[in-house]
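A structural model of the following input is requested.
(chains A, B and C)
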Amino acid sequence: MARLGGCWAFLCRCFFQYETPKILLIRSKKVGALNRLVQALILAYVIGYVCVLKKGYQDTDSVLSSVTTKVKGVALTNSSQLGLRVWDVADYVIPPQEESSFFVMTNLIVTMNQTQTRCPEVGVPERAASPCSLGAVNGYRSVQTGKCVNFSDSARTCEVFAWCPVETDSEPPNPAVLANAENFTVLIKNSIQYPKFSFGRRNILPDVNTSYLRNCIFDRKRDPHCPIFRLGDIVSEANEDFQSMAVHGGVMGIHIRWDCDLDMPESWCVPKYTFRRLDNKDPDNNVAPGYNFRFAKYYKVADNVETRTLIKGFGIRFDVMVFGKVNVVCDWVVLTFMKKSNLYKEQKYSYVDDYALVSTSHQFHLFL
Amino acid sequence: MARLGGCWAFLCRCFFQYETPKILLIRSKKVGALNRLVQALILAYVIGYVCVLKKGYQDTDSVLSSVTTKVKGVALTNSSQLGLRVWDVADYVIPPQEESSFFVMTNLIVTMNQTQTRCPEVGVPERAASPCSLGAVNGYRSVQTGKCVNFSDSARTCEVFAWCPVETDSEPPNPAVLANAENFTVLIKNSIQYPKFSFGRRNILPDVNTSYLRNCIFDRKRDPHCPIFRLGDIVSEANEDFQSMAVHGGVMGIHIRWDCDLDMPESWCVPKYTFRRLDNKDPDNNVAPGYNFRFAKYYKVADNVETRTLIKGFGIRFDVMVFGKVNVVCDWVVLTFMKKSNLYKEQKYSYVDDYALVSTSHQFHLFL
Amino acid sequence: MARLGGCWAFLCRCFFQYETPKILLIRSKKVGALNRLVQALILAYVIGYVCVLKKGYQDTDSVLSSVTTKVKGVALTNSSQLGLRVWDVADYVIPPQEESSFFVMTNLIVTMNQTQTRCPEVGVPERAASPCSLGAVNGYRSVQTGKCVNFSDSARTCEVFAWCPVETDSEPPNPAVLANAENFTVLIKNSIQYPKFSFGRRNILPDVNTSYLRNCIFDRKRDPHCPIFRLGDIVSEANEDFQSMAVHGGVMGIHIRWDCDLDMPESWCVPKYTFRRLDNKDPDNNVAPGYNFRFAKYYKVADNVETRTLIKGFGIRFDVMVFGKVNVVCDWVVLTFMKKSNLYKEQKYSYVDDYALVSTSHQFHLFL
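Okay, here's the model as predicted:
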């Protein structure tokens, strides 16, 4: 009981105690004046330079960046469906321009001469469980008429109203039709600006001339500043295989990193390029792999009938991302000075010595 | 006067006084060595682990994300202008691919068989105040020839040079032409990577197989991890009405949030989907509502004359945004340890006791 | 030797000394209770208001923004190649819609009636150093057949398989073909939302009506809130010359800045527009200037032969960027209160006086 009471008293004492650092108040004209002078200087600096001249620090990190890209290259294909055909940039970059991204078609399934009419659906034989019925939506591309018709000599499928003939959904060709896209090149133009510091820079460096730009290809060792990249190199730098990626498509990231120190010579401020595959490549989880989409080219033939060529295009989308950080020493100065405590500390130490009070104890020396 | 002098003296004294915390300097081999040991350990930890192994903390939050989308669905329309017509993905997704956004056309005004020629402007009768004059730009689509011609039996308008016949600008059809877009679905594939932690993840979870993916539809309760969304569900989850939104168009946000704790089992790291209407829906401020744009399909007919079909397409743009935060306990450890003050505090308290100096006063106990 | 020993002793003493602020521990029911009361209030506030009601501060800065744009304007051109031709929005905005960006074609080089066949390459006479060879890729658009043929009466070039006739790569027309794009206008619709504060706003302000919106043009002085911008004004506000920019193309940034204080009347929350050229304009470093890309319009003529019109389009891409910061006083209150040290400080000063211990020394007064 007595012990419990003691414990209670201890808790009570703990509860009602209040800790505060001890403050030494020095009343000395010399020290005080110096203290105020330092404070005034800091205040003047903060108000005058930081607030007025620099307009605060709200927009320190707003990097402005613009990216434009231009793909070059030509591929020749020869297939029974399309015959001999040459593919240039207007054929394989879809859409022709995007903000900071570009898509290069590497593989395709073409369905030609489609018109709006009736035809047998492909590959879905009629079953008793799901008989053909008027208006039923068939998959994602056709509407059933309710009839059942011959698809081939051996198979009967539902008749549909659709863009006919309907696409035969199959695995994409392997190797990819435009396998030669590996040798295409892309010129990436990137300009960055730090409005606050009136600092601008582009990835075509000042010492680059037109003739160099016409022939160079980026190479991490030999040409690390050439802004023209071979698509195959981009993919292989990310430790991927272009030809296998070309079959089903995918997404690549092109990262441009600008880490500049504005107090160093401007020529040291150069971009660093890294490449990385962004979509899934986990072999254990390859449900719905790759990247593809469908688009069509529309024609009007003879008697004003609209036809189209449907293309299921597989390819690689390249997303260009720009990262940037600019260091300026004057910033560092400001930030340091604004930590007044540090500055004060120095001042404190240099002057407290004058008033050092040595309290001798048997174990330690005590400085106030 | 005396009082003023006293006040002045007080202010003066205040001005020249200097405050500083009192510092206790312990000169003891035991305490000092322990202090240095702790400092050395922290230093070793910070330099060795944080700086060397982890390469600092500059890029803690750089999430890499890629988004690809694939819309599926078919709509059947029957109008006097177009006849019976089926619409599939190549017809209503414009442009066919974008970086992290897709547009589904839900309504349209079609102007067929336009050619570059002269015709009467629609709906702007000539007025005395603004007579037809050669070269005057008429609205946003035609240039006046200066003549005034019969538009109909009753009305005369300025003749213009334009893609003729010019579009009749009217309210979009209500209900929307492609009202069935409500039943379209979209597969959203999203891969994220935290390069620093060598951690990658995709929204098609590891336990999902192809047959599940072929049939599932996202449902917040029953199928919260299915990456296939019905467009109508997206809109209704944002408390909007699809059919009324389909008439004038709009912008929807699809937000994917990844908040993962890498110290927990990886299977706990799953994305959360939320939907929100992004464009204005304030009924009090519905000037210029919705979202539409014009595009054309170009044809060449018989004698090499270029004609086009102009489409004013209304629809819903879906912007996919990915947010992510990864927590790792080792980070937390580092951050905590780096707050040296806290650590020091503990050390201080455990050892200062040895040197506790009880200064007895009538009111309080004082611990150094 | 003695001195060295003294120095060593000094270093040793320094090494083993340990600094710590002196702590004053006040054991007083009055002070202690007040201390605990203040702590309890802060705790209650933080837990109750900040954590429960406000759900923490994780998503303070997630601004949701949507941007849609609509360009209007018509240009009339007359060239020997194309004849008299009128250009409207479906002709010069490519692709017809993008997420927060739009491209307006201002200049172009057209190559009409291309078909897949053989023809002499343009402008690259055969040289002994690089004879025509079967399969050699010629630049970026054609594949050599190995033959050498007459390009003109005087010149012979390699025969190529390509989209023929191949484009004559020359400087873009100056002045630009669509020089009148300067007078085109764009309506920019921007909606922002701060989900946390249930605060939404759009750049078409509540007091704007349809008739104002039909006629207004943004003017920094007279119409600073009109969301319709003349392209020429955007460029000239950025201190650039539209006509010279129109020749080679470029990239402009349109910045919309929302700095709102939610405690002020909502009508004070208005967007500020600024314009800036984003691509390079450094005259010393104008390698690869401007912005252009190639695209094609595909036709099928008479006997089902595919032809295309290749267009090298030069123009200005406008990137719309939205910046936003919302201030709410209650935030400020929370943040201030959470700096417990400040609050404690006040408390400390007001009560410590009771226990002021005046230690008289010959030089200074010491307050505990």
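
ok, and the closest non-adjacent residue to A:Glu167?
A:Thr111 (4.4 Å; CB to CB, 6 or more residues apart in numbering or on different chains). Any C-beta I mention is one placed from the backbone N, CA and C, and that applies to glycine too.

for that neighbour, give me the pLDDT.
pLDDT recorded at A:Thr111 is 94.

now do the same contact list for it.
A:165-168, A:309-312 (CB atoms under 8 Å, 6 or more residues apart in numbering or on different chains).

from those, which land in helices?
Assignment to helices by DSSP state H places none of these there.

coming back round to it: distance of the residue nearest to A:Glu167 from A:Trp163?
Per CB to CB, to the nearest Å, A:Thr111 is found 8 Å from A:Trp163.

got it, and A:Thr106?
From A:Thr106 to A:Trp163 the distance is 24 Å (CB to CB).

the more surrounded of these two?
A:Thr106 (31 against 28; other CB atoms under 10 Å in any protein chain shown).

what ranges of chain A fall below the confidence cut-off?
Low-confidence segments of chain A (pLDDT under 70): A:1-5, A:13-14, A:16-27, A:46-62, A:123-130, A:138-139, A:262-263, A:282-286, A:326-368.

what segments of chain A are helices?
A:2-15, A:29-44, A:89-92, A:210-215, A:231-237, A:242-248, A:329-338, A:340-352.

got the CA coordinates for stretch A:144-161 in CSV?
Extracted as CSV, the C-alpha positions of stretch A:144-161 are listed here (Å, rounded to 0.1, in the frame of the first residue of the first chain):
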residue,chain,number,x,y,z
GLN,A,144,-26.3,-10.2,-85.4
THR,A,145,-29.1,-10.2,-88.0
GLY,A,146,-30.6,-13.4,-86.5
LYS,A,147,-29.8,-15.6,-89.5
CYS,A,148,-27.3,-18.4,-89.6
VAL,A,149,-25.3,-18.8,-92.7
ASN,A,150,-22.4,-20.8,-94.3
PHE,A,151,-19.1,-19.4,-93.2
SER,A,152,-17.3,-22.1,-95.1
ASP,A,153,-18.1,-25.4,-96.6
SER,A,154,-17.9,-27.0,-93.2
ALA,A,155,-18.9,-24.3,-90.7
ARG,A,156,-22.0,-22.2,-90.2
THR,A,157,-21.9,-19.0,-88.2
CYS,A,158,-24.3,-16.2,-87.4
GLU,A,159,-24.8,-13.6,-90.0
VAL,A,160,-23.8,-10.1,-88.8
PHE,A,161,-24.2,-6.5,-89.9
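
is any residue of that stretch near chain B?
Yes: Stretch A:144-161 lies within reach of chain B by CB under 8 Å from any CB of the partner chain, at A:Phe161.

now do that stretch: everything it contacts.
Applying CB under 8 Å, 6+ apart, the set of residues contacting stretch A:144-161 is A:116-126, A:131-138, A:142-143, A:166, B:76, B:84, B:86.

which of those count as buried?
Buried by 16 or more other CB atoms under 10 Å in any protein chain shown: A:116, A:119-122, A:124, A:126, A:132, A:137-138, A:142-143, A:166, B:76, B:86, out of those.

just give me the closest of the residues you listed to A:Val31.
A:Val137 (87.3 Å; CB to CB).

report the closest residue of chain A relative to chain B.
Relative to chain B, the nearest point of chain A is A:Gly32 (2.9 Å; CB to the nearest CB).

could you give the number of residues near that residue?
18.

A:Phe314 contacts A:Gly250, correct?
No: using CB atoms under 8 Å, A:Phe314 is not in contact with A:Gly250; the gap is 9.1 Å.

more crowded one of those two?
Neighbours per residue (other CB under 10 Å) separate A:Phe314 from A:Gly250, with A:Gly250 holding more: 28 against 25.

so what's that one bridging to?
Beta-bridge partners recorded for A:Gly250 (DSSP bridges): A:Ile316.

wait, what's in contact with it?
A:240, A:277-279, A:281, A:290-291, A:316-317.

in a markdown table, list those along with neighbour count and distance to A:Lys189.
A markdown table is the format used below for the contacts of A:Gly250 (neighbours: other CB atoms under 10 Å in any protein chain shown; distance: CB to CB, whole Å):
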| residue | neighbour count | distance to A:Lys189 |
| --- | --- | --- |
| A:Glu240 | 18 | 25 |
| A:Arg277 | 22 | 23 |
| A:Leu278 | 24 | 22 |
| A:Asp279 | 23 | 25 |
| A:Lys281 | 19 | 29 |
| A:Gly290 | 22 | 29 |
| A:Tyr291 | 24 | 24 |
| A:Ile316 | 26 | 20 |
| A:Arg317 | 23 | 19 |
